[in-house]
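**Student:** Using only what follows, build the 3D model:
(chains A, B, C and D)
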Protein chains: 2
Amino acid sequence: MTGASFWSQFELRQLRCFVAAAEELHFGRAAQRMNMTQPPLSRQIQLLEHVLGVKLLDRTSRAVKLTPAGRAFLLEARRIIRLTESAAMTTRRIASGEAGTINVGFTAASGYRFLPRLLLRMGTGAPNIALVLKEMVSTEQTESLLTGRIDVGFLRPPIDRGEFSTLRVAREGLVAALPSGDERLAKAALTLADFDKKPLIMYAPEGARYFHDMLTAQFEAADVTPQAVQSLSQIHSMLALVRAAIGAALVPEAATSLHFDDVHFRRVETIPARPVELFAIWRSDNDNPALTAFLDQLHPDED
Amino acid sequence: MTGASFWSQFELRQLRCFVAAAEELHFGRAAQRMNMTQPPLSRQIQLLEHVLGVKLLDRTSRAVKLTPAGRAFLLEARRIIRLTESAAMTTRRIASGEAGTINVGFTAASGYRFLPRLLLRMGTGAPNIALVLKEMVSTEQTESLLTGRIDVGFLRPPIDRGEFSTLRVAREGLVAALPSGDERLAKAALTLADFDKKPLIMYAPEGARYFHDMLTAQFEAADVTPQAVQSLSQIHSMLALVRAAIGAALVPEAATSLHFDDVHFRRVETIPARPVELFAIWRSDNDNPALTAFLDQLHPDED
DNA sequence: CACGGTCATCCAAAAACCGCATCGGTCGAT
DNA sequence: ATCGACCGATGCGGTTTTTGGATGACCGTG
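**Tutor:** Just a heads-up that it's a prediction; the model follows:
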């Protein structure tokens, strides 16, 4: 005997019936609009009124009128129904990947040039996909990918291939960062040989393994041995040292968008021509439908 | 074969099941929370997913997880459910008269003192009842009462008693409005005799029948015949003429809250002592529950 | 490999719902 | 005053939907 008639919640069907009746002010026409006959509609409204404990419609056999409470409830009912419709729509759009949210992890270095361009492209190519950006270093990114905190990361090799898919999204050359007054500024483009036995601000093997290993390999292949005067991992710190004329530095092209007074950039010939690579990485089993649309915007720069 | 499976709308029951499942991440516990067994809950969620065309929950036999679309839909579902609950609550409150809206018609004259006091009292005594104020003359008020545009009016006699209930809400005395320099200002209180054969700004019999008839009767009973120099219906216009020293005027006490330079007020002895009455009037068959609460705040001033 | 846990499926019983026929009440025409 | 049209409420049988217990399939664990 517990649950007989204390069912204190109404159903959407009842709201729809009520709205129809309240708008038509005529049960027959309202029923027609609801594709049913008049008796069930009558009952649905009685049920709704009983659940609310409130008379919503004043019905004489001659006319149907809204009570004050009914007038107020009509507004609420319309709002609820509108909300259900829009909820269904947006959910379908999210499921189809047309809309949604992508959590993006990125390293500071990729933020200089690649990320702004990506945001621009997403804004026009997939305007309903919201991006939540989180700066984090490579190891944080792979961790966050596994826990689901981010859907996609942008980082540099080496990349842990297990469970992940990757795509190279940018490839760029190295440029030399030189302080004002450096004699190498006279040349339009430099080669690695120009750094032989000259002070060079180097990448730390721990914090910037990728750049460290790459530069080491490049110099070894070119049989050049620069004089490493410092080891840093953050590019903007390196440029600060360059400005202080501690030495030169080799940084990815994207870093030229960092403007430091008295720091000038010159192209450097390397093998291969654009050795600095940036990869997108995501879990192969990520089920976020927006991810597909996001990745579609990611075809690698080939310029 | 008509409506088998193209029923493109979900029901609240399905939302509630989904929210329970999404919060518990366990169909058994969710079912328990919904006071049902697990199979029907499973089925409701399947139905919801089928209607939306979207998988909301990723369920392996080992764990239940929200899909991205499910995460989004969960927020919407919670919002919809909250809305239904608050809609039910506010509707019940409106039906009980605890909250609601009262449309009030009032004449300009009642706005000077009575209406501000009423608003103050309503604000503390029935804070959830909203008042919509519409200034209108007496005939407009009775019309609007009949069409339902206003729930209650405030006006002066004579009152059309058919279908209406009334309550005297204010009774006030008459005061004389005198220009600076008038010799009658020397007295603290006047009698009607002080106006015999003196210029008096009179009420128009059409626009201000109540005051016109009342003053006429008062003077007749006192055997006094003032010299009517103008006939107006709006009190503030009369006071403007008083300031111009065209003559004196007799106005309800409430008008003393209109401050005009060089216009001074003095009490006038009349029979009865407070002849100016203001009535609330409403349709006896008005079904607005807030009206009762409103009228409860209306016990007449007996000070 | 057996076991416990979890969700989906099957099925009979129960509940809800629908539509038809009809009732009671009201208004307008005659 | 009476009749008929109209309208919403109600009673009732048949159908659809829902429910809950039993069962099945799957998976990770000891």
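**Student:** Okay, and the beta partners of the residue sitting nearest the centre point of chain A?
**Tutor:** By CA atoms, centre = their mean, chain A has its centre lying nearest to residue A:131, at 2.5 Å. Counting by DSSP bridges, residue A:131 forms beta bridges with residue A:102.
**Student:** Against residue A:287, how distant is it?
**Tutor:** Computed as CB to CB, to the nearest Å, the residue A:131 to residue A:287 distance reads 18 Å. Any C-beta I mention is one placed from the backbone N, CA and C, and that applies to glycine too.
**Student:** what do you get for residue A:275?
**Tutor:** Taking CB to CB as the measure, residue A:275 falls 35 Å from residue A:287.
**Student:** Skip the chain neighbours and tell me the closest residue to the residue of the stretch 201-303 of chain A found nearest DNA strand D.
**Tutor:** For the stretch 201-303 of chain A, the nearest residue to DNA strand D under the criterion CB to the nearest atom of the strand is residue A:285, separated by 13.0 Å. Leaving aside its chain neighbours, residue A:285 sits nearest to residue A:163 (7.2 Å; criterion: CB to CB, 6 or more residues apart in numbering or on different chains).
**Student:** Just the pLDDT at that neighbour, thanks.
**Tutor:** For residue A:163, the model assigns a pLDDT of 79.
**Student:** again with the one 5 residues further on
**Tutor:** The pLDDT attached to residue A:168 in the predicted structure is 92.
**Student:** go on, residue A:246?
**Tutor:** So, for residue A:246, pLDDT stands at 93.
**Student:** Also residue A:36?
**Tutor:** For residue A:36, the pLDDT comes out at 93.
**Student:** right, is the helix or strand containing residue A:13 up against DNA strand D?
**Tutor:** Per DSSP states H and E, residue A:13 falls inside helix A:12-24. No. For helix A:12-24, no contact with DNA strand D is found by CB under 7 Å from any atom of the strand; the gap never falls below 7.7 Å.
**Student:** quick one: the helices in the stretch 101-250 of chain A?
**Tutor:** Along the stretch 101-250 of chain A, the segments classed as helices by DSSP state H, counting those that start in this stretch run A:114-125, A:138-147, A:209-222, A:235-243.
**Student:** closest one to chain B among those?
**Tutor:** helix A:138-147 (12.9 Å; CB to the nearest CB).
**Student:** Could you tell me the angle between that closest one and helix A:209-222?
**Tutor:** Counting by axes from the mean of the first three to the mean of the last three CA atoms, to 10 degrees, helix A:138-147 points 130 degrees away from the direction of helix A:209-222.
**Student:** tell me which residues in helix A:138-147 are buried?
**Tutor:** In terms of neighbour count (16 or more other CB atoms under 10 Å in any protein chain shown), helix A:138-147 has its buried residues at A:138, A:140-142, A:144-145.
**Student:** likewise stretch A:22-32?
**Tutor:** Residues A:22, A:24, A:26-27, A:30-31 are the ones in stretch A:22-32 that count as buried (16+ other CB under 10 Å).
**Student:** Spatially, which two of the residues you listed are the most separated?
**Tutor:** A:22 and A:31 (13.3 Å; CB to CB).
**Student:** if we can go back for a sec, of residue A:275 and residue A:287, who's got more company?
**Tutor:** More crowded of residue A:275 and residue A:287, by other CB atoms under 10 Å in any protein chain shown: residue A:275, with 17 against 13.
**Student:** surely that one meets residue A:192?
**Tutor:** No. Using CB atoms under 8 Å, residue A:275 is not in contact with residue A:192, being 11.3 Å away.
**Student:** joint contacts of those two?
**Tutor:** Common neighbours of residue A:275 and residue A:192 (criterion: CB atoms under 8 Å, 6 or more residues apart in numbering or on different chains): residue A:218.
**Student:** Give me every residue in chain A lying close to DNA strand D.
**Tutor:** Residues of chain A found near DNA strand D, taking CB under 7 Å from any atom of the strand as the criterion, are A:25-28, A:38-39, A:42-43, A:45-46, A:59, A:61-62, A:64.
**Student:** Can I get these in JSON lines including secondary structure?
**Tutor:** Converted to JSON lines, the residues of chain A next to DNA strand D look like this (DSSP: H, G, I helix; E, B strand; the rest coil):
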{"residue": "A:25", "secondary structure": "coil"}
{"residue": "A:26", "secondary structure": "coil"}
{"residue": "A:27", "secondary structure": "helix"}
{"residue": "A:28", "secondary structure": "helix"}
{"residue": "A:38", "secondary structure": "helix"}
{"residue": "A:39", "secondary structure": "helix"}
{"residue": "A:42", "secondary structure": "helix"}
{"residue": "A:43", "secondary structure": "helix"}
{"residue": "A:45", "secondary structure": "helix"}
{"residue": "A:46", "secondary structure": "helix"}
{"residue": "A:59", "secondary structure": "strand"}
{"residue": "A:61", "secondary structure": "coil"}
{"residue": "A:62", "secondary structure": "coil"}
{"residue": "A:64", "secondary structure": "strand"}
